[in-house]
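>>> the sequence and its predicted three-dimensional model are supplied below.
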Amino acid sequence: MQTLWQRLAYLAANSNFFIALKAFLASITLLVPGYFLGLSELSVTAVLGIVAAVISEGDDSIKQRMVNSLLTLVCFTLSSLLVSLLFPYPLFFLIGSCLFTFAIIILGSLGKRYVTISFATLMIAVYTMLGLSHDAESAAFLTSDVNFNPDSLLLIVGAAWYFVISTVLLKVTLYNPIRERLADIYFSLGLYQQEKAKFFSQTKHDHKTIRHTLSTLNINIVNAMSECRTNIDYHVDERDISHELQHLIHLYQEAQELHEKMTSSHFHYDSLKRNLNNDLIIAGFEQVLKQLACACTQRGHATLYKQAYQHDHGLTWSLAILKQELLTLEKSLQWQLFGPLKLLFRNLRKADELLINSEPQNDQAYLVMAPRERLPIKQRLGNALHLSSPIFRHAIRLTIGFAFGIGIILASDLHGYWVVLTTLFVLQPSYSATRVKLKQRISGTLMGIIIGATLLYLFPTERSQLFLLAISAFLFFYYLRQNYSRAVTYITLLVLLAFNVLYQQGYVVTVPRIIDTLTGCSIAYLLAKLVLPNWQYKQFPKYLVEAITANQNYFHEIIKQYVSGKNNGLPYRVSRRKAYVADSHLIASWKDMQVEPNDKRHKLNHVYDISRRNHAMLSALSALGVHRNKIIDAELQQDLALVAQLISRALEQTQSTILSPVSVDKFYISEIEALLRRYENDGHKHTLLLIQKLKQIVEITEELQVMADDMNLVTETPARS
């Protein structure tokens, strides 16, 4: 039975819970004194500042957290001051709001942290608009010598108070974001391996569907790795790297090794059962893959909860049994089939050893991390101020959304700034993401209003409503990253309670809130669809060229090590990471295309086939990379270098075909095949396996060339249901 301390440790390790807890502490420490001092209206306004502060917060070191908090408060202050100064002058207010919206979104091009700061700054701006539009005394403030609305000051005070609490508690959970991302990687690896085990299942599965599912699951692994790498970068700049951080970096690099091993493909699995008439061996591989999936999940839990990892020795035992079965099979099976099975077994055994040795050692050292790629600020801003930039397009759309929402309000003399706030939350850089947010926003708002109206009736006192308001803030942040629809339910509830405390308008705003939400969602949807949309059929060729280029570089680094010997230096690890990232972008593009309007799903089936083949290429390259070792034969080294050069040229041809639809001769493919045929009867078994894998890569390269040609010929294909 778990102790209370263990349960608290589990909760603290959950970033959603811990962020919600910080928000609750910041809220309750303002609401309770405010209630007893008769200043509930002031404390409720400050809580809205806490909401914006939490959204602006990222995963930083202590020093960086303090710097970013100060920067955020400066942006919040400028935002509120601008709105307060211009609010009495409708035309200037409209123009100023549009210019500020565009500028603050472009600020997000400086980095991921600035994206959240810019979004939260716009939230503060809209909250200030809401306060001014509902405050009966706002005109008096604006015509006096005070140029800053007191409500705006309370928003900033609330944000500052949250930053104080968050920074103080950061010491306790400094590396928790890294641990959580690492756990996500291992959990995703477990799911990937569980799905891959279906290739060996006795139950009939569609192997094409399995490959598609694997490529989709790979997106989750790559995204978790990218976030983990970003979080690590925030801390490796420190002078002294703690032992705990060293261990976490080691686990991250181990996860990269496991990822390469698990995504590698050693043969065509659909032909395995046809050629291998041995159900015991097939079931053995399935069992080992499932046990390895469970081991990855256990490693994830141990990392998340700061526990010692207890390796499942049943996996090691299963591998030992499988090894004996393979030895009895070796003499009766052709090497063309037995060889890949042996390599797969070796790959699984190495994965087992990685997990066994994943606990920290006193003399443990991690590999040098690649330096973070930092462009000068001027160059980053220059890249963003271009029509092809997604940030620039999003800034244009959101600026128009603000202009349209504020224009409607000013023209009709309404106080519907919830329209602007809804547009801010729903409108995303892509059409597919906007569509998802739109559905979640509408359903969450309706549910929040129903629950809110019920609670206002059941709990009419101010004390109970303040308590419910704090609970709503906690639940909003708990669900914000994992279930946006539920998060919207609780933020809607928070707003209804806040308005009832501030203006005694809890019931009054319910119907306008629904109308404003529907209006804001409609504006966001139309902007995402009509204003500079990023349709994926236009983006896909770019992603495909990037994926082929990344595969080419990865292949080049692998072949170099077959000549010079195996090492995990930076060039190899960087090329491998970029290949996986490019592949995930390609698959994500196809997924986004599926939810776009029917008339924008050009060549959807073709895009699906190309994405699947590119992932197959990456899996084949991973297998080649997993087993890379120095080749002694000088002649084979020379021929291998030539094969690598010819494959690179063939991939370059494919890129040229994608970029400019011209017919090219495929003489590189036939030349490679002729060269590889010279080794078909080679007496060295490992040479045969290498040649076999190269043939698979050549086969996929040729398929990609044909698909690239067809992609330029196909004008339209029916959308996949």
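It's in. Residues are numbered from 1 along each chain as shown.

>>> all helices for the stretch 201-350 of the chain, in order.
In the stretch 201-350 of the chain, the helices defined using DSSP state H, counting those that start in this stretch lie at 207-236, 243-263, 272-275, 279-304, 313-330, 335-356.

>>> and the residue nearest the centre of the protein?
For the chain, the residue nearest the mean C-alpha position is N223 (4.0 Å; Cα atoms, centre = their mean).

>>> how far away is that one from E330?
Distance of N223 to E330, given as Cβ to Cβ, to the nearest Å: 41 Å. No exception for glycine: its C-beta is placed from N, CA and C like everyone else's.

>>> returning to what we had before: chain neighbours aside, what residue packs nearest to the residue nearest to the centre of the chain?
S584 (7.0 Å; Cβ to Cβ, 6 or more residues apart in numbering).

>>> quick one: contacts for that neighbour?
218-219, 222-223 (Cβ atoms under 8 Å, 6 or more residues apart in numbering).

>>> of the residues you listed, closest to D639?
Comparing the contacts of S584 against D639 with Cβ to Cβ places N218 closest, at 32.1 Å.

>>> please, which helix or strand holds the closest residue to C75 other than its chain neighbours?
Once flanking residues are discounted, C75 sits nearest to T121: 4.3 Å by Cβ to Cβ, 6+ apart. Assigned by DSSP states H and E, T121 belongs to helix 112-134.

>>> do Q482 as well
Using DSSP H and E, no helix or strand contains Q482.

>>> so how many other residues sit close to it?
10 (other Cβ atoms under 10 Å).

>>> which phi and psi does it have?
The phi/psi pair for Q482 (degrees, to the nearest 10) reads phi -120, psi -20.

>>> tally of neighbours for the closest residue to it other than its chain neighbours?
Among residues not flanking Q482 along the chain, N16 sits closest, at 6.0 Å (Cβ to Cβ, 6+ apart). Neighbourhood size, N16 [other Cβ under 10 Å]: 16.

>>> so what secondary structure elements neighbour the helix or strand hosting N16?
For N16, the host element (DSSP H and E) is helix 15-36. Other elements packing on helix 15-36 under the criterion 3 or more Cβ pairs under 8 Å, 6 or more residues apart in numbering; DSSP states H and E are helix 4-13, helix 40-56, helix 150-170, helix 176-196, helix 462-479.

>>> again, 6 Å this time
helix 40-56, helix 150-170, helix 462-479 (3 or more Cβ pairs under 6 Å, 6 or more residues apart in numbering; DSSP states H and E).

>>> any idea how far L78 lies from F425?
Distance from L78 to F425, by Cβ to Cβ: 21 Å.

>>> one step back: ok, residues contacting the helix holding N16?
Defining contact as Cβ atoms under 6 Å, 6 or more residues apart in numbering, one finds that helix 15-36 is touched by 11-12, 40, 43, 46-47, 50, 54, 161-162, 165-166, 173, 180, 466, 470, 473-474, 477-478, 481-482.

>>> now restrict those to buried residues only.
Buried members of those, counted by 16 or more other Cβ atoms under 10 Å: 12, 40, 43, 46-47, 50, 54, 161-162, 165-166, 173, 180, 466, 470, 473-474, 477-478.

>>> A623 is nearest to which of the helices of the stretch 201-350 of the chain?
Per Cβ to Cβ, nearest to A623 of the helices of the stretch 201-350 of the chain: helix 335-356, 7.4 Å.

>>> touching that closest one from outside, list them.
254, 257-258, 261, 266-267, 275, 288, 292, 295, 299, 311, 315-316, 319, 330, 626-627, 685, 689.

>>> taking helix 279-304 as reference, get the angle to it.
Helix 335-356 runs at 20 degrees relative to helix 279-304, counting by axes from the mean of the first three to the mean of the last three Cα atoms, to 10 degrees.

>>> list the buried ones in helix 335-356?
338-345, 347-349, 351-352, 354-355.

>>> stretch 249-267 now?
249-252, 254-267.

>>> how about the helix holding N16 as CSV, C-alpha atoms only?
Provided in CSV are the C-alpha atoms of helix 15-36 (Å, rounded to 0.1, in the frame of the first residue of the first chain):
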residue,chain,number,x,y,z
SER,A,15,3.3,18.7,-14.2
ASN,A,16,-0.4,19.3,-14.9
PHE,A,17,-1.2,18.7,-11.2
PHE,A,18,1.8,20.8,-10.0
ILE,A,19,1.0,23.8,-12.3
ALA,A,20,-2.6,23.6,-11.2
LEU,A,21,-1.5,23.5,-7.6
LYS,A,22,0.7,26.6,-8.0
ALA,A,23,-2.2,28.4,-9.6
PHE,A,24,-4.6,27.3,-6.8
LEU,A,25,-2.1,28.5,-4.1
ALA,A,26,-1.6,31.8,-5.8
SER,A,27,-5.4,32.2,-6.2
ILE,A,28,-6.4,31.2,-2.7
THR,A,29,-3.8,33.4,-1.1
LEU,A,30,-5.4,36.4,-2.8
LEU,A,31,-9.0,35.4,-2.5
VAL,A,32,-9.1,34.6,1.2
PRO,A,33,-7.5,37.9,2.4
GLY,A,34,-9.6,39.7,-0.1
TYR,A,35,-12.8,38.2,1.3
PHE,A,36,-12.0,39.0,4.9
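
>>> let's have the chain start at 328 instead
Happy to do that; since the first residue is 328 now, the last one works out to helix 342-363.

>>> and it, how far out from the chain's middle?
28 Å (Cα atoms, centre = their mean, to the nearest Å).

>>> next up, the contacts around H713.
Per Cβ under 6 Å, 6+ apart, neighbours of H713: F719.

>>> what secondary structure does it sit in?
coil (DSSP: H, G, I helix; E, B strand; the rest coil).

>>> what's the local residue count around L802?
L802, neighbours per other Cβ under 10 Å, totals 20.

>>> please apply the same query to the one 4 residues further on.
By the other Cβ under 10 Å criterion, the neighbourhood of Y806 contains 20 residues.

>>> just checking, it touches R813?
Yes: look at Y806 against R813 with Cβ atoms under 6 Å: they come within range, at 4.2 Å.

>>> which stretches of the stretch 478-627 of the chain have low pLDDT?
529, 564-567, 600 (pLDDT under 70).

>>> check contacts around E873.
Counted by Cβ under 6 Å, 6+ apart, E873 has contacts A909.
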